[in-house]
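Participant: I need the structure of the sequence given here:
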Amino acid sequence: MRTAQKFSIAYNHRVHSIFSNSVIHLLSIIALGFFLGMRHATDPDHVIAVSTIVSRQSNILRSALIGAFWGVGHTLTIVLVGAAIVLFNLVIPPRLGLSMEFSVAIMLVVLGVMNVLSFQRSVSDLAPPTQEEPKVVHSHPHSHASHAHFGATPGHGHHQDPAPVTYLDRVLGRMRLYQYIRPLVIGIVHGLAGSAAVALLVLTTIRNPYWGVAYLVVFGIGTIAGMMLITVSLASTIHLIGRNRQFSRFLAVAAGVLSLAFGLLVAYQIGFVDGLFTGHVNWSPR
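Facilitator: Got it, this is the predicted structure:
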């Protein structure tokens, strides 16, 4: 009887110990994933890409939503691609991995060009007419009303933007939904570049694949929280010291130039140093 009692006590102690260790391990994974996700949000390419959008936005709530949508897009890709790597032991070919990272460089260049061209357009719209181009008042019918325009020439005075990217941004920018789809897409692209590195980190530290997927989800939640903090901080700065339009334009063009320069630098690094466009591919997820 005593032997059975001792065995039962030892068994219960063993089960309790295993359960306690499992809970502590799981909580450690959750904490690690969340804080690493927040740190991941501060990567330079992430901050630069989002700043090209937030530099035009002083509303703190909308800026937080922009950060949240970026984080959701990033998390979707991380969880889908990372879970496939963790669960099915998929191996990403080096050239494909470099191509996914190169897509981030292209996106940074496009975002930079969009901001710079938007700044040039706003400057040209506000520029006063020269002596050779006197103001001329003319009117013409529209479907909504007939109104007068001040133009530089007797012809139609509407500004024609030759850049299709800027034109698209200007037209769709009026739609509130577009303001959130844009960071969502940017987050998805960034997730493509970072999913392999995060998944391989999980494989080296977490043996249970299901816990690994849980880690990816928590990592994504941490990334969302981190990016929301970043966008709110940027918007708060703009709201406090950027009330005049001149400062807002300067901030937008500075973010655009930085994004363009950083994107070109990353493109050169991936294309030629890491060997995407050469015969010697050198890629390791980072």
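Participant: which ones are touching residue 195?
Facilitator: 77, 78, 80, 81, 82, 85, 100 (Cβ atoms under 8 Å, 6 or more residues apart in numbering). Quick note: C-beta positions are derived from backbone N, CA and C, even for glycine.
Participant: Of those, which is the most crowded?
Facilitator: Per-residue neighbour counts (other Cβ atoms under 10 Å) across those peak at residue 82, which has 30 neighbours.
Participant: which SSE is that one in?
Facilitator: Assessed by DSSP states H and E, residue 82 sits inside helix 60-88.
Participant: Can you mark which positions in the following helix or strand past that helix are buried?
Facilitator: Following helix 60-88 in sequence order, the next helix or strand is helix 94-126 (DSSP H and E). Neighbour-count burial for helix 94-126 flags 94, 97-105, 107-119, 121-122 (criterion: 16 or more other Cβ atoms under 10 Å).
Participant: ok, residues contacting stretch 232-239?
Facilitator: Contacts of stretch 232-239 (Cβ under 8 Å, 6+ apart): 50-51, 54-55, 57-60, 62-64, 67, 248, 251.
Participant: What subset of those residues is buried?
Facilitator: Buried among the contacts of stretch 232-239 (16+ other Cβ under 10 Å): 50-51, 54-55, 57-58, 60, 62-64, 67, 248, 251.
Participant: so which of those comes closest to residue 285?
Facilitator: residue 50 (22.1 Å; Cβ to Cβ).
Participant: Quick check, pLDDT for that closest one.
Facilitator: For residue 50, the pLDDT comes out at 91.
Participant: my guess is it meets residue 228, correct?
Facilitator: No - look at residue 50 against residue 228 with Cβ atoms under 8 Å: they stay out of range, at 10.3 Å.
Participant: Need the residues touching each of these two.
Facilitator: residue 67.
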